[in-house]
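Engineer: The sequence and its predicted three-dimensional model are supplied below.
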Amino acid sequence: NLDSGETWYDVGVKFNIEPQNKERASTDEAYRKRSIQTQANDIWRGYIKQTNKLAVVKQTYKDGELKFETFKEKPEDVKINHEDFNIEKFTTNPYGGAWIKLKRKEKMFEQEHLDTLKEILTKELNPVFIRTPEVINDKALFIYGSDKHIGALTKEDSIYTNKYDREEMRQRIVIQTLKQIQHNIALYGQFDSLFIMDLGDALDGFNGKTTGGLRGTSSHTLPQQLNNREQHDYYLELHKELFDTIAVNLFAKNIYFVATSNSNHGGDFEYGAMRNLETYLNVKYPDIKTYVSYKPYNHFIYGKHCIIFGHGKDDEDMKNGLPLVLNDKVSNVLNDYITVNKLNMYNISFISGDLHQSAETYAKNFRYKKVLSQYGSSKWMHTNFGSGNPGLSLEIFLKNDKVIHKQDIFFNIENESNTGITF
């Protein structure tokens, strides 16, 4: 504000403001004064406009009198709804102060979203109640769908081929699954229960990254032929076809969809796809029992059997996945899980994927099984581990006995070799 009796011209002279047109000002005193006072006033008004956006960071005094001020733009006052965020990291300083890193909550697949989807589907779909066979055996057929990697691309310059376009995905995920169900019904009759399991890495990865890549702990970029939306939508399309076919055939008295989405490629991305499939099944086929797990391990009971399952490498905590052959460290971890959950009275099988290979070893209290991948192998896997044929693992459990019949079905790859020089 101006001091009493002070004019804008006086302020201009105090701060050595010169007239804009010095030549004219030399002969026109009125213009000189008017130009100086106008500039002084404009500078002040500009300063006032900025005061709400600037903060004083430095003041310089001389002989006790303020001479200069240094300003810095204030950060915008952003209002945050803390309920929309989780605390990802909390850092303290031994000299005082703390920093909190927040991560926005994923709302896309919260229960509210899924309830809305279910409400929409309920209006569009008429429930279909599944007819059950009159005569059944005392067995359950377990289909271990695993490592489908929908959207993955095996590069053409790999040492082996692995064609995996949309039609090949459908052949391996839908057609081969149905073929093996029908084959085993021909051998054993209609089943007491049919378990369609999905052991993770169903989708190849969000934005061409594994979950480690999305966290910044891996720089690996995945070669892909389908984008994020296409991976999600094709997963739903294929599995809707699979279950729509199962539902109209008298394959089993009880039908289950059991999945784990805590995997190192799919993570939250495939959790959404699996939950959307689950919602579709709950609405259209109320008789199909479903469960999508997001824990590294989970379990359920069938007759005298306990099935513990997981992908084999989670989306966050495991630096290395579970080994192909059981070792002491993993045995101790799983024995602890069995003890805490009081499962010792059952015939226990631990089932996981991740390594794209089938293997089986035994501990004292449980069986440890790795299952095949329906995708097979990428160029990176070809170079580091070998050809790795795609396939489907399945088993038949006798409900009231400790008997398990095991099958591994390998898919044929035409012209698999991609090397060799002809002169």
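Structural biologist: Nice, thanks for sending it over.
Engineer: rest of the way, CA atoms for contacts and neighbours
Structural biologist: OK.
Engineer: For L178, give me the pLDDT.
Structural biologist: In this prediction, L178 carries a pLDDT score of 98.
Engineer: What is the neighbour count of L398?
Structural biologist: By other CA atoms under 10 Å, 20 other residues sit near L398.
Engineer: I'd like to check which residues are in contact with the closest residue to it other than its chain neighbours.
Structural biologist: Closest residue in space to L398, ignoring its immediate chain neighbours: K139 at 4.6 Å, by CA to CA, 6 or more residues apart in numbering. Residues in contact with K139 (CA atoms under 8 Å, 6 or more residues apart in numbering) are F191, D192, S193, I396, F397, L398, K399.
Engineer: Repeat that for H311.
Structural biologist: L199, G200, D201, T260, S261, N262, S263, P296, Y297, S352, G353, D354.
Engineer: Am I right that W99 is in a helix?
Structural biologist: No: counting by DSSP: H, G, I helix; E, B strand; the rest coil, one finds W99 to be strand, located in no helix.
Engineer: what's the nearest residue to it if we skip its chain neighbours?
Structural biologist: W99's closest residue in space is T91 (CA to CA, 6+ apart), at 5.1 Å.
Engineer: Look up how far I173 lies from T245.
Structural biologist: Distance, T245 to I173, by CA to CA, to the nearest Å: 13 Å.
Engineer: the more surrounded of those two?
Structural biologist: Between T245 and I173, counted using other CA under 10 Å, I173 has the larger neighbour count: 23 against 12.
Engineer: so that one touches Q374, yeah?
Structural biologist: Yes: assessed by CA atoms under 8 Å, I173 is found in contact with Q374 at 6.9 Å.
Engineer: Pull up the overlap in contacts between the two.
Structural biologist: G145, K148.
Engineer: hang on, the earlier thing: mind putting the contacts of H311 in CSV, neighbour count, distance to L334 and secondary structure included?
Structural biologist: Listed next are the contacts of H311 as CSV, based on neighbours: other CA atoms under 10 Å; distance: CA to CA, whole Å; DSSP: H, G, I helix; E, B strand; the rest coil:
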residue, neighbour count, distance to L334, secondary structure
L199, 28, 17, coil
G200, 32, 19, coil
D201, 32, 22, coil
T260, 29, 17, strand
S261, 31, 19, coil
N262, 29, 17, coil
S263, 31, 18, coil
P296, 19, 12, coil
Y297, 19, 9, coil
S352, 28, 12, strand
G353, 29, 16, coil
D354, 26, 17, coil
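Engineer: Most widely separated two among those residues?
Structural biologist: The distance between the two most remote of the contacts of H311 (CA to CA) is 14.7 Å, for D201 and Y297.
Engineer: Next, the contact list for K148, please.
Structural biologist: By CA under 8 Å, 6+ apart, K148 lies in contact with I173, G200, D201, A202, L203, D204, S373, Q374, Y375.
Engineer: What distance do you get for the closest residue in space to E395 that isn't next to it in sequence to G205?
Structural biologist: With sequence-adjacent residues excluded and distances taken as CA to CA, 6+ apart, E395 is closest to K406, at 4.5 Å. Using CA to CA, K406 is found at 30 Å from G205.
Engineer: Tell me which of the two has more neighbours.
Structural biologist: G205 (31 against 11).
Engineer: Look up phi and psi at K289.
Structural biologist: The phi and psi values for K289, taken as degrees, to the nearest 10, are phi -90, psi 140.
Engineer: Actually, E395.
Structural biologist: According to degrees, to the nearest 10, E395 has phi -140, psi 160.
Engineer: neighbours of it, just the number please.
Structural biologist: Neighbour count for E395, taken as other CA under 10 Å: 17.
Engineer: so it bridges to which residues?
Structural biologist: Beta-bridge pairing for E395 (DSSP bridges): F142, K406.
Engineer: That one: what's it in contact with?
Structural biologist: Here E395 is in contact with L141, F142, I143, I404, H405, K406, Q407 (criterion: CA under 8 Å, 6+ apart).
Engineer: do the same with I307
Structural biologist: Per CA under 8 Å, 6+ apart, neighbours of I307: H299, F300, I301, I348, S349, F350, I351.
Engineer: With respect to R32, which of those residues is nearest?
Structural biologist: Ranked by distance to R32 (CA to CA), the contacts of I307 are led by H299 at 89.6 Å.
Engineer: That closest one against H305, yeah?
Structural biologist: No: using CA under 8 Å, H299 is not in contact with H305, being 10.4 Å away.
Engineer: Look at the two and report which has more neighbours.
Structural biologist: H305 (22 against 17).
Engineer: show me what contacts the residue nearest to the more buried one when sequence neighbours are not counted?
Structural biologist: Excluding the flanking residues, the one nearest H305 by CA to CA, 6+ apart is N347, at 4.6 Å. Listed by CA under 8 Å, 6+ apart, the contact set of N347 reads K304, H305, C306, F366, K402.
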